[in-house]
Structure formats: structure tokens, C-alpha cells
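Engineer: curious how this folds, go ahead:
(one chain, ligands or ions: 2)
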Amino acid sequence: MAAVYLEILKEDSRTKARLGKLHTPHGTIETPVFMPVGTQGTVKTMTPEEIKEIGAGMILSNTYHLFLRPGHELVREAGGLHRFMNWDGAILTDSGGFQVFSLGDMRTIREEGVEFRSHIDGSRQFLSPEISMQVQMSLGSDVVMAFDECAPYPCTHTYAKDSLERTTRWLKRCKETLTTTDKQSLFGIVQGGMFEDLRRQSAAEITELDLPGYAIGGLSVGEPKDIMYEVLDYTVPLLPREKPRYLMGVGSPDALIEGVMRGIDMFDCVLPTRIARNGTALTRFGKVIVRNAGSARDFGPIDPSCDCYTCRNYSRAYIRHLLKAEEILGLRLMSIHNLRYLQILMHEVREAIKEDRLPEYREKCFSDYGYE
Ligand SMILES: CNc1nc2cc3c(=O)[nH]c(N)nc3c(CCc3ccccc3)c2[nH]1
Ligand SMILES: [Zn+2]
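Structural biologist: Numbering: from 1, shown residues only. Ligands and ions are numbered 1, 2, ... in the order given. Modelled structure (predicted):
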């Protein structure tokens, strides 16, 4: 059995949703799951104990950032990323390709790999499938993402085709680089832009390698949501039923539910922690801009139905004051709430699958939230 594998407990009767358990060397995680992002070896403003308290069992981190700073050799000497950051849950690391393009400067793609300038000090850097695998093995991730190119949006059919074919060649180099044990942690990433024929080609090429899990990349890159859902409609069925499916970069409440209904098991997004730090809270009745004047004399919690530390102990008025005063506690209280909110949402989604009422749950969620 692979180091990382999915145990499917139930398949929904009316949608493609699955209820499952993701087994990893650092614990078992109930799926569908939302995974908080801890880019630089920390989920911003949160201690590992707080991450556990809000109910997260698996977090994400980044090859790109840790490679540039403090360096993967240092993290390996520290005993790996789990030890370094004092987190004993599961860790998935991205491969660096996406971040080079979203953060790096002056990047040049070659067959060998990607040259770029560090966003930290402008120094010339190079990442390749081999280097990305070395870094992720040094970090000791439980799930290793293949080194891929996330095609820009929009892009031509020719660009998307050349790019996905290079991504497949890079995936083979990733698999060859990993030790037998670490091969059992490697997830391939399906690309192909917004083109059905290319998504089919990429899925066929990637799944041929018989990996423990598969991600759908190249989405949540600025395309309209209905295009993303369309791509999922024809791409997800191309992936093996029994393997975990990870939709990269997706995390708004509506997109999470729509993704689950299309058969996705794993999600990540920086949105909840990022908007928390700029004063916006997620609640079941829509977003609340706690920072706004409207909360100045609101002495109730962010969300009365929420059980998080923030909602049990603090008012919107107090949190607004902290945010306006640029007090760090404000960032922490907002992050705790937004992350807990998404864990509650995913718990309710899993319950709805269990009780065969996911379509009805979606309707209620969307109307409460104020979606169409
Ligand atoms: C926000 N939208 C978004 N679309 C993405 C597409 C891809 C993609 O096609 N390939 C790879 N490798 N990553 C992607 C990511 C980053 C996800 C992530 C962030 C942080 C930590 C761990 C993982 C994406 N994020
Ligand atoms: Zn709360």
C-alpha cells in the first residue's frame, strides 16, 4: 500500500462527491478536506496547537520559499520540516513551478528547468524536476507535488500543448529522482489549460505513471468560475476513481462545494488567511468586513453560529479596534476564525454526503451566503 492512500467510505448517489479518509505517515485526514497554506513553514500568525484546535490535520508549504530561505539543507539538518516547525500532522509541499511564475522575476523556461531571480534578493536561481524532488525529500513532506508548469491564463492551444507535454516529461524525471519510498508520496498534476482535448491528453499521460494521487493544476488562475467547473466536469472522470484528487488553489466556499460535487477530495487556498489579515471574515451569511465602521459598536461575535476561540471570546467591535490599531492580535483572531469557518464548512459537507443531502445543503449554503 502506498505511503499516502485514499480510503473511500461512501460515493454520493446524486453527485460525484466522495466521503473518504486520506491515510498519510502523519495521520489520517477525513475527506473532502480543506488544507491551510503555510507557505514559509508557518500558517501565518498561527501556532501548530492552534492549527490543530481549528481542526486541520494537514497543511501545505512551499518548495520555492523554503529553497530560497532558509534553504532546504538547513531544514534537513534541523530534522526536516515537521521537526523544524513543530508540526506533527501531515504536510503537502508544492513543487515550486507555480511560485516561480507567480513570484519570481525574469524567469526563463528551458527543457532542463526554470531560471529565475529570487523575489527576496534578486539573485539568479534555478529549479528543475530533480532539484524540486531533492528539496521536498529534504523537507520530509508526506505528499510531494510534481514539478510542473501552470500554463498562464489565457494562453494559446499551441502553448498549452507544448507546456503540458514538457510537464509530462518533467513528471517522469521527478519519478526517476525519488527513492522507492518517496515515489509513494508523489502526486502528478494534470495541465492542458482550458482545452478539453489537451486536458484529456495530459490526464492520459499523467495517469499512465500509476501514482498515489493526482492534482488538477492550471485552474484558479483568473478564469471565470463557470469555465473552471466545465474543465472539472470533463477532467475529473479521467482520473482513477480510487486515487485522491486534489484541486490546486481552490478555496472560496462556493467553489469548495462545487468542487466536492464534481469529485474532488482535497483543496487549498491562501484566501481565508489572506483576507483575514486585511480585515474580512467569512461567515455562513457572507463576508463581513470587520474592519468597516459598521462593526464599531457591534458587541456580538463575528458569527454567532461559530464555535471558534475568537467567536467565543471577542466582539466584532474589539477585533475592529485591534485591526485599526494594527495590533497583531487582530490578525491572529481573524485568521483563527476564517480557518475554523472553512473546517466547519467541510465538516458540514462531509455530513451532508453521509446523509445523502449534499444538493440540498448546497442550496441552503448558497442562499444563506447570498450566492445566486
Ligand atoms: C490560487 N490558484 C492556484 N492555482 C494553482 C495551480 C497550480 C498548478 O497548476 N501547479 C502547481 N504546482 N501549483 C499550483 C497552485 C499552488 C497551490 C499551492 C499553494 C501553496 C502551497 C501548496 C500548493 C495554484 N494555486
Ligand atoms: Zn469563529
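
Engineer: for the helix or strand hosting residue 163, output the C-alpha coordinates as CSV.
Structural biologist: The secondary structure element spanning residue 163 is helix 157-177 (assigned by DSSP states H and E). Taking Å, rounded to 0.1, in the frame of the first residue of the first chain, the C-alpha atoms of helix 157-177 are listed here in CSV:
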residue,chain,number,x,y,z
HIS,A,157,-3.7,26.0,-27.7
THR,A,158,-0.2,25.6,-29.0
TYR,A,159,1.4,27.0,-25.8
ALA,A,160,-0.8,24.8,-23.6
LYS,A,161,0.1,21.7,-25.6
ASP,A,162,3.8,22.3,-25.6
SER,A,163,3.7,23.1,-21.9
LEU,A,164,1.7,20.0,-20.9
GLU,A,165,4.0,17.8,-22.9
ARG,A,166,7.0,19.3,-21.1
THR,A,167,5.2,18.9,-17.8
THR,A,168,4.7,15.2,-18.5
ARG,A,169,8.5,14.8,-19.4
TRP,A,170,9.3,16.6,-16.1
LEU,A,171,6.9,14.3,-14.2
LYS,A,172,8.9,11.3,-15.5
ARG,A,173,12.1,12.9,-14.3
CYS,A,174,10.5,13.5,-10.9
LYS,A,175,9.5,9.9,-10.5
GLU,A,176,13.0,8.7,-11.5
THR,A,177,14.7,11.0,-9.0
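
Engineer: what packs against the helix or strand that it is followed by?
Structural biologist: Using DSSP H and E, the helix or strand that directly follows helix 157-177 along the chain is helix 180-183. If you count contacts as 3 or more Cβ pairs under 8 Å, 6 or more residues apart in numbering; DSSP states H and E, helix 180-183 packs onto no helix or strand. Glycine gets a C-beta too; all of them are placed from N, C-alpha and C.

Engineer: roughly how far is helix 180-183 from the heart of the chain?
Structural biologist: A distance of 23 Å separates the centroid of the chain from that of helix 180-183, by Cα atoms, centre = their mean, to the nearest Å.

Engineer: just stretch 39-57 next, same as before
Structural biologist: When distances are taken as Cα atoms, centre = their mean, stretch 39-57 is centred 14 Å away from the chain's centroid.

Engineer: give me the average confidence score over stretch 260-267.
Structural biologist: Along stretch 260-267, the predicted confidence averages to a pLDDT of 98.
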